[in-house]
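A.B. asks: predicted structure and sequence below. I'll ask about it afterward.
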Amino acid sequence: MAEDWSAVAEAINARAAELALKQKEIAERSGVSHAIVREMQQGRIQRRRNPRTLEALSIALDWHPQHLTAVLQGKTPPEADAQATAADDPLVPLLQTIIRELRGLRAQVGTLASRIDDGSRQKD
């Protein structure tokens, strides 16, 4: 089955508008780099992504973790309420917040490492 990246872009854009989220906010909430969020929203670069990227974006957009994967595959996304049993546990939202924060920190460290690498190359 072909992957429908334009449907993913449309879904992200519609949900971002619905939640009044900007690309930067989606990136921060998901831990996905701003550049990747932009690429996916524009739908111009259609390439395979890590399943965790789609999951992180789905969660950041208050959807079921498999929502965007289902959209990509042309399937009906699972209902967000399918997580109801996990949501009843007070630790789940806390752990999801920690995971988002860690992803954000990982993205920031990657950006800083790239800048350091670029700076050292310019000196050579």
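C.D. replies: Done, it's in.

A.B. asks: nearest residue to the middle of the protein?
C.D. replies: L57 (2.4 Å; CA atoms, centre = their mean).

A.B. asks: quick one: that residue from K75, how far?
C.D. replies: Here the criterion is CB to CB, to the nearest Å. By it, L57 lies 17 Å from K75. Any C-beta I mention is one placed from the backbone N, CA and C, and that applies to glycine too.

A.B. asks: now do the end-to-end distance for stretch 30-37.
C.D. replies: Stretch 30-37 has an end-to-end distance of 9 Å (CA to CA, to the nearest Å).

A.B. asks: where's Q41, which helix or strand?
C.D. replies: If you go by DSSP states H and E, Q41 is part of helix 34-42.

A.B. asks: could you pull out the buried residues of the helix or strand hosting T111?
C.D. replies: T111 is part of helix 91-123, with elements assigned from DSSP H and E. By 16 or more other CB atoms under 10 Å, the buried positions in helix 91-123 come out as Q96, R100, R103, G104, A107.

A.B. asks: for stretch 3-11, same thing?
C.D. replies: Residues of stretch 3-11 classed as buried under the neighbour-count rule (16+ other CB under 10 Å) are E3, D4, W5, A7, V8, A9, A11.

A.B. asks: just these: which are in helices?
C.D. replies: Within the buried residues of stretch 3-11, residues falling in helices by DSSP state H are W5, A7, V8, A9, A11.

A.B. asks: remind me which residues of the chain are low pLDDT?
C.D. replies: Segments of the chain classed as low confidence (criterion: pLDDT under 70) are 1, 81-89, 124.

A.B. asks: mind listing what A27 touches?
C.D. replies: The neighbours of A27, taking CB atoms under 8 Å, 6 or more residues apart in numbering as the test, are S33, H34, I36, V37, G104, A107.

A.B. asks: for burial, what's the neighbour tally of the third one?
C.D. replies: Here the neighbour count serves as a burial measure; for I36 (other CB atoms under 10 Å) it reads 18.

A.B. asks: contacting residues around it?
C.D. replies: Contacts were defined as CB under 8 Å, 6+ apart; by that measure I36 touches A27, R49, T53.
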